[in-house]
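> A predicted structure for the sequence below; I have some questions about it.
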Amino acid sequence: GQQLNQSPQSMFIQEGEDVSMNCTSSSIFNTWLWYKQDPGEGPVLLIALYKAGELTSNGRLTAQFGITRKDSFLNISASIPSDVGIYFCAGRLIQGAQKLVFGQGTRLTINP
Amino acid sequence: DAGVIQSPRHEVTEMGQEVTLRCKPISGHNSLFWYRQTMMRGLELLIYFNNNVPIDDSGMPEDRFSAKMPNASFSTLKIQPSEPRDSAVYFCASSLAWTGGGYTFGSGTRLTVV
């Protein structure tokens, strides 16, 4: 099936550092979504992107829908301990289609 | 809204037993998804429903797995008989179909088959 390549798989950073992660695919996506999963919980939607080139912020989080429509990145500025968790990208291949394809996740660990 | 509600949160069962996982989607959402999460395979879509009708069950691993959605506010995922390799976290998610938005996930059911 379709795959999203998410990198890095894990990150170990110091509190206050900026974080960057991305997803790429060989296929064109019409929607990109970024989720965060806390331990013992389900993924929670952070940011949704709907147009190529779109840049959207949610507090300290910024995400972009790549111009080629085959990639997306998520940046977190000035990380804090509660940013710890697993971040997933997800994409929708066909506009309006229900199925989302998920990346393998980026596990973020923060040293205080 | 209480969000997507799954039960039980944890289930430990013996190999060969029947397991039933339950999900109540967000009121008004008309699409429902069952996912399985493991370290090795990440998030895998098992099946999804639109307006209570199964649309795509290609992710259901084998005949031991079945899912139903008898009405708009309830769905079950059943494994019979269960095997140790079924141990995983099972998530239910719901959304409004065709709006292009994301899913809302439940807190999951952690299944351990011993």
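Nice, I can see it.
> Name the residues of stretch A:92-104 that come out as buried.
A:92, A:98-104 (16 or more other Cβ atoms under 10 Å in any protein chain shown). (C-beta placed from N, C-alpha, C; glycine too.)
> Could you find the lowest-pLDDT member of those?
The lowest pLDDT within those belongs to A:Gln98, with 77.
> mind listing what the residue lying closest to that one once chain neighbours are set aside touches?
Closest residue in space to A:Gln98, ignoring its immediate chain neighbours: B:Ser31 at 5.4 Å, by Cβ to Cβ, 6 or more residues apart in numbering or on different chains. Listed by Cβ atoms under 8 Å, 6 or more residues apart in numbering or on different chains, the contact partners of B:Ser31 are A:98, B:48-50, B:94-97.
> Residue of chain B closest to chain A, please.
Per Cβ to the nearest Cβ, B:Phe105 is where chain B lies closest to chain A, at 3.2 Å.
> Need phi/psi at that residue.
phi -90, psi 150 (degrees, to the nearest 10).
> quick one: the strands in chain B?
Ranges of strands in chain B, per DSSP state E, are B:5-7, B:10-13, B:19-24, B:31-38, B:42-50, B:53-56, B:65-71, B:74-79, B:88-95, B:104-105, B:109-113.
> Contact residues of chain B facing chain A?
Within chain B, the positions adjacent to chain A are B:4, B:31, B:33, B:42-43, B:45, B:48, B:50, B:55-56, B:91, B:93, B:95, B:97-98, B:100-108 by Cβ under 8 Å from any Cβ of the partner chain.
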